[in-house]
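1. okay, here's the prediction I keep looking at, along with the sequence it came from:
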Amino acid sequence: MQRRSFLKHAGMGAVAGGAVVAAPVFAQDMPSVSWRLASSFNPKLETLHGAGEAFCKYVDEATGGKFSIRQSPAGEAAPDTPLLDAVSNNTVDCGHGFSSAYFDKEPALCFDSAVPFGLNARQMNAWMFEGDGLKLTRELFKPHKVVNLPMGNTGVQMGGWSRKEIKTLEDLKGLRMLTSGLAGEVLARLGVAPQQVAAAELAASFEKDALDAVEAASPVDDEALGLQKLARYYYYPGWWEGGAQASLYINEAAWEKLPKHYRSAVESASRAVHMGVTARYDARNPAALGRLTAAGAELRAFPRTVLDAAFEASAQVYQALSDKDPKFKALYENYMGFRDDLLPWFRISENAYDQYLMSMALALRRRR
């Protein structure tokens with residue numbers, strides 16, 4: 001299969017570098033395998049939900065139709081079982097979701113996705129594929145009988161939608177916000193009151209004055225979910241998700257039964273999807289943000305005092321979790337050490353380059 005055809009069928013609109021799947025010549029006796037993939041993503045989230053569809057298509061084409069994977073919408077395959085548990089107990093062969101959703105099960109799993117003041121998308125790729133990230137997270141998933149593969153990174157997310165303007169730390173006191181997990185732990189230390197509300201009840205909760213704010217994602221996803229209809233102020237940056245990585249979870253026993261060629265197809269397809277997801281968000285978020293602001297959303301940066309307090313609160317949460325959990329401590333030290341090693345390079349390369357371009361773009365705009 002040619003590279004151009006591979007990406008055309010994927011519908012992701014992104015070049016996947018060296019991760020393109022080349023269809024091998026399969027022997028006639030290669031087995032036919034059928035899997036189910038359970039997605040945790042709402043079909044309205046076209047990029048993330050579509051990533052699972054693209055992955056299934058890639059594997060099918062790369063194996064000449066011998067390895068078929070069918071994606072099930074969120075909640076269909078195992079409606080009463082968390083996705084990770086459904087994969088672990090082999091209710092489904094594989095699943096697609098954010099590991100940060102399992103903070104209550106095992107806090108260290110968040111390092112497979114995103115943590116406050118953590119790595120951005122490019123840095124996360126470096127840690128996972130060139131650092132110790134994939135090795136350490138594989139060890140973390142081993143007791144759950146799951147093999148993990150990165151499969152999509154949204155890039156840095158927005159901070160949240162709020163009905164109330166946030167100018168000082170005092171404005172966070174008692175703020176009823178739909179948030180959870182590690183982010184919720186940090187926000188609670190700042191005075192926020194984390195709330196749990198079902199997606200179907202979100203609009204009603206705002207209408208009944210039971211919620212003040214909701215955690216955001218990316219502009220294109222927030223627009224699809226209609227969050228702009230619930231609150232006026234749109235905050236950035238999403239300091240608790242500098243690069244939210246989604247993962248493909250594979251049942252360990254099912255993985256070990258696969259022929260080597262099939263495993264290669266899965267790994268290559270997931271890598272291609274992983275790169276494509278970030279490209280698609282980068283390409284679509286600017287227009288979505290423009291539509292949101294044109295419709296009345298008011299962009300607000302989190303005040304520096306709030307960011308500084310959040311950074312300090314995050315350090316306190318990390319220390320508390322490290323003191324209780326050696327696995328969390330090991331992941332935390334490796335992850336943050338890698339981040340700190342990368343930051344000087346990004347400061348003199350990416351950041352300096354971007355800042356100059358932005359200043360020139362603004363200057364040119366003023367001249368027109």
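-> It's in.
2. use CA for all of it now, contacts and neighbours both
-> Fine.
3. residue 94 versus residue 72, what's the distance?
-> Distance, residue 72 to residue 94, using Cα to Cα, to the nearest Å: 10 Å.
4. quick one, which of these two is more surrounded?
-> Legend: neighbour count by other Cα atoms under 10 Å for residue 72 and residue 94, higher for residue 94 (28 against 20).
5. ok, the more buried one - contacts?
-> 35, 36, 37, 38, 87, 248, 249, 250, 251 (Cα atoms under 8 Å, 6 or more residues apart in numbering).
6. and the fifth one, what does it touch?
-> Contacts here follow Cα under 8 Å, 6+ apart; on that basis residue 87 touches 93, 94, 95, 146, 249, 250, 251.
7. quick check: longest helix of the chain.
-> Longest helix in the chain, counting residues (DSSP state H): helix 260-294.
8. and of the contacts of residue 94, the nearest to residue 349?
-> Nearest to residue 349, judged by Cα to Cα, of the contacts of residue 94 is residue 248 at 31.6 Å.
9. then the closest one would be within a helix, right?
-> No - read with DSSP: H, G, I helix; E, B strand; the rest coil, residue 248 is strand and lies in no helix.
10. okay, and the beta partners of it?
-> Per DSSP bridges, residues listed as beta-bridge partners of residue 248: residue 96, residue 149.
11. name the residues of the longest helix of the chain that are buried.
-> Going by neighbour count (16 or more other Cα atoms under 10 Å), the buried part of helix 260-294 is 262, 264-282, 285, 288-289, 292.
12. related to what we said a few turns ago, mind putting the contacts of residue 94 into TSV with pLDDT?
-> Below are the contacts of residue 94 laid out as TSV (pLDDT from 0 to 100):
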residue	pLDDT
35	98
36	96
37	97
38	96
87	96
248	98
249	98
250	98
251	98
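13. just the buried members of those residues?
-> Among the contacts of residue 94, those scoring as buried are 36, 37, 38, 87, 248, 249, 250, 251 (criterion: 16+ other Cα under 10 Å).
14. which parts of this protein are strands?
-> For the chain, the strands defined by DSSP state E cover 33-39, 67-72, 94-98, 146-153, 160-162, 176-178, 193-195, 213-215, 233-236, 245-251, 298-301.
15. may I have the second one as PDB, with CA atoms only?
-> Taking C-alpha atoms only, strand 67-72 is exported to PDB below (Å, rounded to 0.1, in the frame of the first residue of the first chain):
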ATOM      1  CA  PHE A  67      -7.000  -8.600  10.900                       C
ATOM      2  CA  SER A  68     -10.400  -6.800  11.400                       C
ATOM      3  CA  ILE A  69     -11.000  -4.400  14.300                       C
ATOM      4  CA  ARG A  70     -14.500  -2.900  14.900                       C
ATOM      5  CA  GLN A  71     -14.900   0.200  17.000                       C
ATOM      6  CA  SER A  72     -17.800   0.500  19.400                       C
END
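16. the helices in the stretch 51-200 of the chain, which residues?
-> Under the criterion DSSP state H, counting those that start in this stretch, helices of the stretch 51-200 of the chain are mapped to 83-88, 121-129, 133-141, 181-189.
17. per-residue confidence at residue 2?
-> pLDDT for residue 2: 39.
18. any regions of the protein where pLDDT drops low?
-> Along the chain, the parts satisfying pLDDT under 70 run over 1-29, 74, 80.
19. ok, the closest residue to residue 68 other than its chain neighbours - contacts?
-> Spatial nearest neighbour of residue 68, chain neighbours left out: residue 34 (4.8 Å); criterion: Cα to Cα, 6 or more residues apart in numbering. Counting by Cα under 8 Å, 6+ apart, residue 34 makes contact with 67, 68, 69, 70.
20. change it to 10 Å
-> 65, 66, 67, 68, 69, 70, 93 (Cα atoms under 10 Å, 6 or more residues apart in numbering).
21. residue 51 too?
-> Residues near residue 51 by Cα under 10 Å, 6+ apart: 10-12, 39, 41, 45, 57, 96, 151-152, 246, 270, 272-274, 276-277.
22. mind running it again at 7 Å?
-> Residues near residue 51 by Cα atoms under 7 Å, 6 or more residues apart in numbering: 273, 277.
23. then residue 35?
-> Contacts of residue 35 were listed using Cα under 7 Å, 6+ apart, and they are 68, 69, 70, 93.
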